[in-house]
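> Make a model of this:
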Amino acid sequence: MISSAACWRRYSAILGREYSTPALMPTHFLTVDVFAVQHPGDRGDRRARQSVWLHLAGLHAVLRQGRKPEYRYALLNKLADADCDWPDQPDHAPFPLVAGDICVELSVENHIEIVRRWADTALASYEEAVPGLATRIAAFA
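A predicted model of the protein is given here:
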């Protein structure tokens, strides 16, 4: 992943808050997925391509298909072990929310709400730029 130092610091602060607040752990996976799809890394690197597609699949499964986090974990494990030629990283529209917009001092309920919105808007940015994204994701699963 490639990010600015400021973005990495905020992401680290968000993770620190989640790790130290057990009530936030059920949505921690969204934080990981959204940061990964917003910081994809070197477009020519197979690992970076795989990471983006895996984390998009995780977001899609939970946010669009209504799957449980347990399904997402199993899906990402399956995809991580898949021996496939990962396509180029998909394009995306501008992200309306980024890590720097997330306040780490929010109540548990507000933290969960903003992280879900952050994840949803990031996935929507990819969906806007890539018609048929859901079909491409489904091809991996």
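
> Nearest spatial neighbour of Ala122, chain-adjacent residues omitted?
Taking Cβ to Cβ, 6 or more residues apart in numbering as the measure, Ala122 lies nearest to Val34, with 4.8 Å between them; neighbours along the chain are not counted. Bear in mind the C-beta positions are built from the backbone N, C-alpha and C, glycine included.

> how far away is the one you found from Pro40?
The spacing between Val34 and Pro40, counted by Cβ to Cβ, to the nearest Å, is 12 Å.

> the more surrounded of the two?
Neighbours per residue (other Cβ atoms under 10 Å) separate Val34 from Pro40, with Val34 holding more: 28 against 20.

> same question for the helix or strand that contains the more buried one, mean pLDDT?
In the assignment (DSSP states H and E), Val34 maps to helix 28-38. When pLDDT is averaged over helix 28-38, the result is 96.

> Let me see the contact set for Leu97.
Residues in contact with Leu97, defined by Cβ atoms under 8 Å, 6 or more residues apart in numbering, are Ile114, Arg117, Trp118, Thr121, Ala122.

> Only the buried subset of those, as a ChimeraX command please.
Isolation of the buried members of the contacts of Leu97 (16 or more other Cβ atoms under 10 Å) is achieved in ChimeraX through the command below:
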select :114,117,118,121,122
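
> Please flag which of the contacts of Leu97 sit within helices.
Secondary structure defined by DSSP state H assigns Ile114, Arg117, Trp118, Thr121, Ala122 of the contacts of Leu97 to helices.

> In CSV, list those residues along with pLDDT and distance to Ala134.
CSV is the format used below for the ones in helices among the contacts of Leu97 (pLDDT from 0 to 100; distance: Cβ to Cβ, whole Å):
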residue, pLDDT, distance to Ala134
Ile114, 97, 24
Arg117, 97, 20
Trp118, 98, 20
Thr121, 98, 17
Ala122, 97, 15
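
> Including distance to Leu133, could these go into a markdown table?
Listed next are the ones in helices among the contacts of Leu97 as a markdown table, based on distance: Cβ to Cβ, whole Å:
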| residue | distance to Leu133 |
| --- | --- |
| Ile114 | 23 |
| Arg117 | 19 |
| Trp118 | 18 |
| Thr121 | 14 |
| Ala122 | 12 |
